Structures are given as structure tokens and as C-alpha cells.
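[1] Would you be able to build a 3D model of this:
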Amino acid sequence: MLKLEHINYQVGDKVIFEDMNATLHDHEITCLIGPNGIGKSTLFNLITQSIQPQSGTITDIPNKIALLAQKNELFEPLTVRELLTIQSNDLDEEVLELLQLTDLLDRPIDVLSGGQRQLVWLGYVLHQQPELLLLDEPTTYLDLKYQQIFLNALTTLQKKRQFTVLMILHDLTQAFNYSQNIWLINENHQLTTGSSHEVLDAELLSATFNLPLTIVETAGHPLIIPAI
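    Take a look at the predicted model:
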């Protein structure tokens, strides 16, 4: 399991993380949540070793890591098929079916809708067969339909193939319904970790986001909404 131990990281005089410790559970989905600007993307950069902590260690980093951001850019025009076969000539039929990409294979990516493009990019990173998949706010610009396709395909494939996922989401209901574990960073850059059930606490979430929140259950799943 990937472990962050006593991580300290700051930019100039601004402390981002101080003595942070966390363990990422293998073969499960963990959601990283918290207010804007408190270091979620910075944590991804530490895990991918794009930046280095001032002190502390990150151990057991998988060899095969794939990263998907909110927006992803092409450096040249490509069709869906060309992007998905950059690293291998083989297409993953199961990925294509779940992401509804089969009929789009020969279409240029730049003519697709934003939702379709993000599904293509998820297909691209899944074709890399990563051990660890990092998703940085991947559904931010998607409408509800494409959010559902994206998250349902992701969870189905993760459960079947048993890769590890660390995902940043802003939608708290989605975060708790699509993950087994939660990493919660508050405005003081303190990290709380636990199972989705353990961290599902209205008082804790309200304090973290500085907003009164309430938790209701619908169809057997938690719904997190502002308190009225």
C-alpha cells in the first residue's frame, strides 16, 4: 500500500502539508475531498513525484501510474482510435463498450462533445492498464449523463480488474457513493482518513466546508445537501 509518512510541504511561507500521514488502500477507490485551494492537486503531484516534499517519505509507489485531469489537450489532431492505440494496437473492447466509445472510434476527437472527450481520455488511461489511477476532478465539466457513464464505467472496471484509484471529486454525494474510502482535507490542511462510512458525518463535513450540511438517505444511498 502506498504510504505518506510525516510529509511536510510548503511554497514560500505558505504551509500546504505539515506532518501528514496517510495510507492508500490497494484495489479500492479512495476519494480525496476538501475545499478549494487546500492542496488536493498538490498531493497528486507529490505522489507522482512531480514535486518533492521538504521532508517525509512516500513509499510503495506503484510502477504504473496513470493521471487524468479535468481537461486534457491533444498536441495534434487524432481520431479516438488513434489515441487509444498510441501505446498498443489492441483495443480494449470492454472499455469501449462501458464508455460507449465503439461508434466513435473513427471520429476526430476535436469534434466530440466535452463529455465524450472525457470518456475518450478515461479510455486512454485505462488502456494503459495502470496499477494506480489518479483522477483530478475528472467530472467537473461533465453534465449529469456523462458523469454517470464515467463513474459507472470506472467503478465497474475497478471492481473487476482491481486497480487502485485515488480520485478528487467536488460532488460529496458522488464521493461517498462511488468510493470505499475518503481522504478529507480541511482548511487547516489537516487530513482525516477512513472508510466512506466512518467519514460520513454531517458535523465533520459541515466544519470542513464551512457550510451547514445534512445527510439524507435515498434509495439506500447517502445524499449530502446544504441544510435548509
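[2] Please enumerate the strands of this protein.
    If you assign secondary structure with DSSP state E, the strands in the chain sit at 2-11, 14-24, 29-33, 55-59, 65-68, 132-136, 164-168, 181-185, 191-195, 213-218, 221-226.
[3] tell me what the second one is packed against?
    On a contact count with 3 or more Cβ pairs under 8 Å, 6 or more residues apart in numbering; DSSP states H and E, strand 14-24 meets strand 2-11, helix 40-47, strand 191-195. Any C-beta I mention is one placed from the backbone N, CA and C, and that applies to glycine too.
[4] so how far is the shortest one from its chain's centroid?
    Centroid separation between strand 191-195 and its chain, computed with Cα atoms, centre = their mean, to the nearest Å, is 16 Å.
[5] ok, and which of the helices and strands packed on strand 14-24 has the densest surroundings?
    Among these, helix 40-47 has the highest mean neighbour count (mean count of other Cβ atoms under 10 Å), at a mean of 20.
[6] The longest helix along the chain vs strand 132-136, what angle?
    Residue-count comparison of every helix in the chain, with assignments taken from DSSP state H, identifies helix 144-161 as the longest. Relative orientation of helix 144-161 with respect to strand 132-136: 160 degrees, computed using axes from the mean of the first three to the mean of the last three Cα atoms, to 10 degrees.
[7] residues of helix 144-161 that come out buried?
    The neighbour-count criterion (16 or more other Cβ atoms under 10 Å) identifies 146, 147, 149, 150, 151, 153, 154, 157, 158 as the buried residues of helix 144-161.
[8] Stretch 26-40 now?
    28, 29, 30, 31, 32, 33, 34, 38, 39, 40.
[9] Ok, stretch 204-211 next?
    Of the residues in stretch 204-211, those buried under the neighbour-count criterion (16+ other Cβ under 10 Å) are 204, 205, 206, 208, 209.
[10] Check those residues and tell me the two furthest apart.
    Of all pairs drawn from these, the one with the longest distance (Cβ to Cβ) is 204 and 209, at 9.8 Å.
[11] So residue 54 sits against residue 10, correct?
    Yes - the criterion here is Cβ atoms under 8 Å, and residue 54 meets it with residue 10 at 6.5 Å.
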